[in-house]
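>>> Curious how this folds, go ahead:
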Amino acid sequence: MTQGRKHLYFILFVILLEVISFGIIIPIYPSLLIELSDVNLSDAAKIGGYLIFLYAFMQFICAPIAGALSDKFGRRPVILISLLILALDYVLQANAPTIWWLAAGRFLGGIVGSAISPAHAYVTDISTKKNRAKYFGMLGAAIGVGFILGPALGGMLGQIDLRLPFWVAAAVMGGASLMGYFLLPESLPPEKRREFEWKRANPIGTLVQMGKYKWVLSLFAIFFCMEMAGQAYPSVWTFFTIERFGWSIQEVGYSLTFFGLLMAIAQGGLVGPAIAKLGNLNTIYIGFAATISTFIVVSLVTTGWALYAFMPIMALGGFAGVVLRTILSHQVPENSQGELQGALTSISSIVAFTSPLMMTQIFGYFTSPDAYIYMPGAPYLAAAILASIAFLLFLRVNKKANITEQHQQEDEI
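Here you go, the predicted structure:
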C-alpha cells in the first residue's frame, strides 16, 4: 500500500468519526426540542430550522477562513483543532438546560464545523486528476457509513437518555482528535502553500477569487441548487417520518442507517466504475434522474415500506455531486484547493441556513390545522423543483463548455 493510500484511509476514518458524531444526535433532536420548549412537533420543526440556520450561518462565515488557513499552515492543524473544539461543543450541548444554551452550542459548532473543507482539500492534495473522482466517491462513502452508524447508535442511545448521544459524540470527536495528532500526516508541502489574506478569507472574497477561473461560478450555481434540494432530507426527515408513519426515534435511526448504507455502496463502490464505463456525462445524468424522481416519490409516499423500497434509487442521486466536485477541482490550481473547498463549504452553509428554514417552515405549515391541504411530503416536492433547476442549468453550461467531455479526457491522460 502506498503512503498516499494510507493517508487517504486515515483521513476517511477521521471524517467517518466526525459524521458519526453528527449523526448520533439527529434522531433525538425533535424530542429534545419538545422537552426544552414544551411545544408540539410542528412547532419543534420550526425551532429546529432556526437552530440549523444559526449553525449554518456561522459555518458560512468561517469556512473560507478555515480553507485559507489550511492553504497557509497546512490541512492537519486546522482539522485537528476543529475536532477538539467540536468535542467540547458536544459537552456543552449535553448539559443544555434551555433552548438558548442549545443555541450557543450550535453557534460554536458552526464556527468549528468547517473542518470538512480542509478535509476535502486533503483528499485533493493526495489524489491525481485520474483518481480524484474515485477518491471523492470514497469520501462520500465514508460520510454514508457515518450516517449508517451515527443515527442507528443515536436512536438506541436516545432510548436510554436524550442527552447520552451528545456525550458519546464528544468522546468520538475527542478520540478522533487524539488519533489524528499521532497518525495524521500533513498533505500540503510548504512549497505549495500561499499567504493568508483576509480579503480572500471571507465568503464574498472567496467567491470573487473563484470567479476568476472559467466556468466556476456557473458550476457553483448548479452546486447551490443541488445542495438546496439535498438539504430537504436532513432538515425534515425525522419530522416527516414521525408525522407520516408514526415512527419512533429508533425507527428513524434505522431508516437513516439503511439509507447511509446505500449511499456508502453507491459512492464508495459504484460511482468510480460508473464513470469509467459510462463517462462523466452519463453518470451525472443518472444522478440527476435519480434525485428528481425520488424527491417526487417521497413527497407522495404514504407507507414506510414504499419509502424503503425507493431508497436504492435515492442513493444513486449522489453520483451527480461526486462528478460536479471533481470537475470543479480541475478548474483551480493546487495551491487554491483549500480556498475552493472553503467556497463550496460556504455555499453549502448558505444552503444550510436557508434550505432547512424553508423546508421546516413548509413542513410546519402543511402539517398544521391552518394548511389548505395536509401534505407532510411538501418539502420534498419543493426539492424536486430545485433539483430540476440544477439539471437545466447543467445542460446549459455543458452545452457551452462541454466540461464533462473535457475532464473525461483529462482523466484518461
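>>> for stretch 177-188, the distance to its chain's centre please.
With C-alpha atoms, centre = their mean, to the nearest Å as the basis, stretch 177-188 stands 22 Å off its chain's centre.
>>> So which bits of it are buried?
Neighbour-count burial for stretch 177-188 flags 177, 179-180, 184, 187-188 (criterion: 16 or more other C-beta atoms under 10 Å). Where you see a C-beta, it was placed from the backbone N, CA and C, and this is true even at glycine.
>>> Which members of those occur in strands, if any?
The members of the buried residues of stretch 177-188 all map outside strands under DSSP state E.
>>> now the helices: where do they sit in the stretch 251-400 of the chain?
Under the criterion DSSP state H, counting those that start in this stretch, helices of the stretch 251-400 of the chain are mapped to 271-300, 304-316, 318-329, 337-366, 378-401.
>>> Residue 196: which of those is closest?
helix 337-366 (10.6 Å; C-beta to C-beta).
>>> per-residue confidence averaged over the closest one?
For helix 337-366, mean pLDDT rounds to 80.
>>> could you check the angle helix 318-329 makes with that helix?
For helix 337-366 against helix 318-329, the angle by axes from the mean of the first three to the mean of the last three C-alpha atoms, to 10 degrees is 140 degrees.
>>> Now find how far off-centre helix 337-366 is within its chain.
10 Å.
>>> ok and that helix relative to helix 378-401, angle-wise?
Using the same axes, to 10 degrees: helix 337-366 against helix 378-401 is 140 degrees.
>>> Numbering from 637 from now on, please.
Yes, from this point I'll number from 637; that puts the last item at helix 973-1002.
>>> what packs against helix 973-1002?
The elements that helix 973-1002 packs onto, with contact taken as 3 or more C-beta pairs under 8 Å, 6 or more residues apart in numbering; DSSP states H and E, are helix 677-709, helix 752-761, helix 839-846, helix 852-866, helix 868-881, helix 954-965, helix 1014-1037.
>>> Could you give me the buried positions within it?
The neighbour-count check on helix 973-1002 (16+ other C-beta under 10 Å) flags 973-996, 998-1000, 1002 as buried.
>>> Contacts for stretch 713-722, please.
650, 654, 657, 702, 705-706, 744-745, 747-751, 754-755, 758, 809-810, 812-813, 816-817, 820 (C-beta atoms under 8 Å, 6 or more residues apart in numbering).
>>> of those residues, buried ones?
For those, a burial check counting by 16+ other C-beta under 10 Å picks out 650, 654, 657, 702, 705-706, 744-745, 747-751, 754-755, 758, 809-810, 812-813, 816, 820.
>>> pLDDT weak spots in this protein?
Applying pLDDT under 70 to the chain picks out residues 637-640, 750-752, 783, 836-837, 970, 1037-1049.
>>> can you rerun that using 50?
Counting by pLDDT under 50, the low-confidence segments of the chain come to 637, 1044-1049.
>>> returning to what we had before: distance to residue 671 added to the helices and strands packed on helix 973-1002, as TSV?
Below are the helices and strands packed on helix 973-1002 laid out as TSV (distance: least, C-beta to C-beta, whole Å):
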stretch	distance to residue 671
helix 677-709	9
helix 752-761	29
helix 839-846	35
helix 852-866	29
helix 868-881	15
helix 954-965	34
helix 1014-1037	24
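>>> winner for burial among these?
helix 752-761 (a mean of 27; mean count of other C-beta atoms under 10 Å).
>>> next helix or strand past it?
Later in the chain than helix 752-761, the nearest helix or strand by DSSP states H and E is helix 768-796.
>>> Please compute how far that following helix lies from its chain's middle.
The answer for helix 768-796 is 11 Å, by C-alpha atoms, centre = their mean.
>>> Show me which residues of that helix are buried.
Residues 768-794 are the ones in helix 768-796 that count as buried (16+ other C-beta under 10 Å).
>>> In contact with the nearest residue in space to residue 643 that is not next to it in sequence, which residues are there?
Using C-beta to C-beta, 6 or more residues apart in numbering and skipping residues adjacent in sequence, the residue nearest residue 643 is residue 762, 5.4 Å away. By C-beta under 8 Å, 6+ apart, the contact set of residue 762 is 640, 643-644, 647, 771, 823.
>>> would you turn the helices of the stretch 887-1036 of the chain into CSV with distance to residue 898?
Shown next, in CSV, are the helices of the stretch 887-1036 of the chain (distance: least, C-beta to C-beta, whole Å):
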stretch, distance to residue 898
helix 907-936, 11
helix 940-952, 4
helix 954-965, 9
helix 973-1002, 22
helix 1014-1037, 17
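>>> Roughly how far does residue 935 sit from residue 844?
37 Å (C-beta to C-beta, to the nearest Å).
>>> again, but for residue 968
14 Å.
>>> what does residue 701 give?
In terms of C-beta to C-beta, residue 701 sits 15 Å off from residue 844.
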